[in-house]
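A.B. asks: Pasting the sequence and the predicted coordinates here, then a few questions.
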Amino acid sequence: MKEHLTILEQFKQLFQGSHTYYGESKPTGQKKPNGKAEYKSWINQRPITDEDWNEHLEGTRHIGTVPIRDDSTCSWGVIDVDRYNINHLELIKIIRDRKYPLVPYRSKSNGLHLFIHCKEAVSAKLMRQKLIEIASDLGVRDETTDIYPAQDIVDLTPDAWEEKRKGNFVNLPYQNSKRSTRMAMYDDGKSVPIEELFNHVEHFKVSESDLKKINAESSSDPETKDYPPCVAHFMKNKVKEGQGRNDAMFNCAVLCKKLNPDPDYWPEILRDLNKKVGEPPLDPKELNTLINQHTKNDYNYRCNSSIAKMHCDAKKCVTKKLGINPNEAMPEVGKLIKYNVYPEPYWVLPVNGINIKLDNKELYSQRLFAEKLQTADIVWRTLKPTKQNPDPWSDFKDDLIKNKTDMEGYDAMADKDDLFNSKMVQFFEDCEVHEEFDQIDNGYIWIDNPDASQASELRFKIQTFQRFMKKMGNNWNNRECTNFLQVGGAEPKKKHANIQTRHWRSPMPKLPEYKRKEVKHDKTKAPWQDN
């Protein structure tokens with residue numbers, strides 16, 4: 001331990017991430033449907049300060065840092081295992097048996113944050129790759145688990161904040177450090193006081209070369225070197241009845257037919273695998289049913305079953321002789337984030353380490369989703385209906401939304417008044433004003449009380465505003481225009497001055513003052529002119 005450094009300074013060094021922005025959360029006092037405490041989260045668009053770090057440790061704020069730095073490196077990463085029912089001691093024992101340099105921290109939902117701390121900065125891509133391998137080997141890669149850094153690279157060069165490709169933040173441990181439950185854990189499950197944290201972590205810190213040497217397959221039986229990672233991991237971890245054992249055995253049957261399609265041979269291999277994978281193994285009747293099913297038909301691996309996803313490593317699987325074909329490989333998808341911005345929320349989904357920004361239509365349509373991924377050179381294999389799963393796209397989308405993270409928008413709802421006024425100024429300057437109210441039906445706008453002492457108002461048809469928005473590059477439908485106007489304070493009306501016509505009334509926008517420059521023109525007579 002560096003004795004001359006304070007606890008605050010050591011904590012900063014250990015969890016330092018991006019120097020440009022950081023995250024923050026605040027409990028709302030409400031509960032989510034799953035019983036977890038609800039938090040409101042947002043990004044602070046400035047560097048984290050000593051005061052921010054200190055307030056987190058004192059318990060007055062909930063701070064999170066972004067592990068991926070502005071140069072796409074990081075000095076730590078984490079597997080966020082967000083499960084209530086996880087057996088901490090059992091998982092820690094497996095981690096130590098397999099010699100992974102992970103430091104377990106208890107999370108605020110009583111899950112586990114499994115950290116890797118590095119001696120120096122390493123590429124975020126390398127860190128993410130190794131964390132995925134480890135999570136797959138431990139069998140914790142389900143839809144509730146997150147990998148941080150969630151991106152391989154960030155791009156902060158665009159001027160517009162929303163267009164920057166930023167990293168996701170992680171809630172820091174030791175919030176209210178003196179009485180925190182979010183602390184590192186010794187191997188016996190006891191909490192590590194913050195005063196002992198830095199000495200404890202030193203024993204597990206790795207160099208870049210150490211990180212590269214981590215091999216989740218090193219303890220596997222040599223016979224599994226050509227197997228898809230999921231089946232190899234089934235054999236190492238054993239799959240219990242009621243926890244996906246039947247789906248695991250389905251993939252084992254696919255493997256056995258790939259090993260040897262001879263109908264007199266592959267069933268015997270499967271019977272042997274049944275003893276190694278199932279806990280307890282499938283009974284003879286269930287096993288024979290599975291064998292008959294695969295005798296009649298050839299199947300692909302069920303990569304989307306829950307048990308397969310927990311152990312999945314698609315990038316590695318395509319390199320295996322008996323793994324999936326490249327044309328079956330699905331992109332690696334992270335946790336969906338919903339940004340609640342005005343006037344319409346948008347979504348960000350990390351795919352293959354790249355943040356993909358989606359609107360509502362792109363999230364709900366598989367075709368539009370695939371087209372959006374293609375702009376980032378990511379190929380999406382269409383999820384096709386089967387007898388077992390008639391609507392796999394809806395299942396995929398529903399899982400994303402069920403486990404999404406809600407964030408307040410980077411432009412913040414507090415700025416909506418400025419945004420609304422800015423748009424309405426453009427609208428006013430773009431449209432032609434008419435002296436007669438009934439001409440708004442012909443695409444004009446009309447000013448109510450233009451010369452009176454009370455505030456002036458604009459009146460116009462929704463179609464006029466919609467055409468303006470389309471002209472500005474926003475192809476909004478009627479609902480989107482209505483939402484924008486209502487949130488900004490405009491009101492729908494059915495008539496005015498006994499004239500029946502549906503229209504909108506909005507406060508006159510605050511127009512910018514254009515000051516004329518006073519320019520002096522000195523006229524000098526030309527040489528040929530008389531003096």
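C.D. replies: That came through fine. These numbers were taken from a predicted model, which means no experiment stands behind them.
A.B. asks: Just confirm residue 110 contacts residue 85, I think it does.
C.D. replies: No. If you go by CB atoms under 8 Å, residue 110 and residue 85 don't touch, sitting 9.3 Å apart. From N, CA and C alone the C-beta is placed, and that goes for glycine too.
A.B. asks: who's more crowded, the two?
C.D. replies: Legend: neighbour count by other CB atoms under 10 Å for residue 110 and residue 85, higher for residue 110 (15 against 6).
A.B. asks: burial of the residue nearest to that one when sequence neighbours are not counted, as a residue count?
C.D. replies: By the measure of CB to CB, 6 or more residues apart in numbering, the closest residue to residue 110 outside its immediate chain neighbours is residue 84, 6.1 Å from it. As a burial measure, residue 84 scores 11 neighbours (other CB under 10 Å).
A.B. asks: Quick check, pLDDT for residue 84.
C.D. replies: We have a pLDDT of 72 for residue 84.
A.B. asks: Flag the shaky bits of the stretch 201-350 of the chain, pLDDT-wise.
C.D. replies: 218-221, 342-343 (pLDDT under 70).
A.B. asks: Please disregard the earlier target; I meant the chain.
C.D. replies: 1-3, 34-35, 218-221, 342-343, 409-416, 450-455, 513-531.
A.B. asks: do that again at 50, thanks
C.D. replies: Applying pLDDT under 50 to the chain flags the ranges 1, 218-219, 411-414, 514-519, 521, 531.
A.B. asks: what about the longest strand in the protein?
C.D. replies: strand 112-123 (DSSP state E).
A.B. asks: which residues touch that one?
C.D. replies: The contact list for strand 112-123 (CB atoms under 8 Å, 6 or more residues apart in numbering) reads 14, 69, 72-81, 86, 88, 91, 95, 101-107, 127, 130-131, 134, 152, 170, 173, 201, 204-208, 211.
A.B. asks: Now intersect the residues you listed with the helices, please.
C.D. replies: Using DSSP state H, the subset of the contacts of strand 112-123 located in helices is 14, 88, 91, 95, 127, 130-131, 134, 201, 208, 211.
A.B. asks: Taking the residues you listed, tell me the two that lie furthest apart.
C.D. replies: Using CB to CB, the ones in helices among the contacts of strand 112-123 span at most 29.2 Å, a distance reached by 88 and 208.
A.B. asks: all helices of the stretch 201-350 of the chain, in order?
C.D. replies: Counting by DSSP state H, counting those that start in this stretch, residue ranges of the helices within the stretch 201-350 of the chain are 208-213, 229-237, 245-259, 266-277, 284-296, 306-310, 314-317.
A.B. asks: for the longest one, packing partners?
C.D. replies: Using 3 or more CB pairs under 8 Å, 6 or more residues apart in numbering; DSSP states H and E as the contact definition, the elements that helix 245-259 packs against are helix 229-237, helix 266-277, strand 278-279, helix 284-296, helix 306-310.
A.B. asks: deepest of these, which one?
C.D. replies: When the helices and strands packed on helix 245-259 are scored by mean count of other CB atoms under 10 Å, the highest mean neighbour count falls to helix 229-237 (a mean of 25).
A.B. asks: Return the alpha-carbon coordinates of that helix using CSV.
C.D. replies: C-alpha atoms of helix 229-237 as CSV (Å, rounded to 0.1, in the frame of the first residue of the first chain):
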residue,chain,number,x,y,z
PRO,A,229,-17.9,-23.3,-25.7
CYS,A,230,-21.4,-24.0,-24.4
VAL,A,231,-21.0,-27.8,-24.5
ALA,A,232,-17.5,-27.7,-23.1
HIS,A,233,-18.7,-25.5,-20.2
PHE,A,234,-21.8,-27.8,-19.6
MET,A,235,-19.3,-30.6,-19.0
LYS,A,236,-17.2,-28.5,-16.6
ASN,A,237,-20.1,-27.0,-14.6
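A.B. asks: got the angle for that helix vs helix 266-277?
C.D. replies: Put simply, helix 229-237 runs at 50 degrees to helix 266-277, going by axes from the mean of the first three to the mean of the last three CA atoms, to 10 degrees.
A.B. asks: Now do helix 229-237 against helix 245-259, angle only.
C.D. replies: Comparing the axes of helix 229-237 and helix 245-259 via the same axes, to 10 degrees yields an angle of 120 degrees.
A.B. asks: So what touches helix 229-237?
C.D. replies: Against helix 229-237 from outside (CB under 8 Å, 6+ apart): 136-139, 216-217, 219-221, 224, 248, 251-252, 255, 273, 276-277, 301, 303, 307-308, 311-313, 316-317, 320, 323.
A.B. asks: Then stretch 304-311?
C.D. replies: Here stretch 304-311 has contacts from 136-137, 139-143, 229-230, 233-234, 237, 239, 243-245, 247-248, 250-251, 301-303, 330, 383, 389, 392, 395-396, using CB under 8 Å, 6+ apart.
A.B. asks: again, but for stretch 459-466
C.D. replies: 427, 431, 437, 440-441, 443-448, 476-478, 481-482, 485, 493, 496, 501-506.
A.B. asks: Repeat that for stretch 77-84.
C.D. replies: 35, 67, 91, 102, 107, 109-116, 124, 127-128, 130-131, 134-135, 138, 140, 144-149, 170.
A.B. asks: Next: stretch 496-507.
C.D. replies: Looking at stretch 496-507 with CB under 8 Å, 6+ apart, the contacting residues turn out to be 424, 437-438, 440-441, 448, 455, 457-462, 465, 485, 488-495.
A.B. asks: Among these, which ones are in strands?
C.D. replies: Those of the contacts of stretch 496-507 lying in strands (DSSP E): 448, 457-460, 491-495.
A.B. asks: Quick one: these as CSV, columns for neighbour count and distance to residue 47 too.
C.D. replies: CSV is the format used below for the ones in strands among the contacts of stretch 496-507 (neighbours: other CB atoms under 10 Å; distance: CB to CB, whole Å):
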residue, neighbour count, distance to residue 47
448, 16, 48
457, 17, 44
458, 23, 42
459, 19, 47
460, 23, 44
491, 12, 42
492, 12, 45
493, 12, 48
494, 8, 52
495, 10, 55
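A.B. asks: Switch these over to JSON lines; also include distance to residue 184.
C.D. replies: Output for the ones in strands among the contacts of stretch 496-507, formatted as JSON lines (distance: CB to CB, whole Å):
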{"residue": "448", "distance to residue 184": "65"}
{"residue": "457", "distance to residue 184": "60"}
{"residue": "458", "distance to residue 184": "59"}
{"residue": "459", "distance to residue 184": "63"}
{"residue": "460", "distance to residue 184": "60"}
{"residue": "491", "distance to residue 184": "55"}
{"residue": "492", "distance to residue 184": "57"}
{"residue": "493", "distance to residue 184": "61"}
{"residue": "494", "distance to residue 184": "64"}
{"residue": "495", "distance to residue 184": "68"}
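A.B. asks: That'll do, ta.
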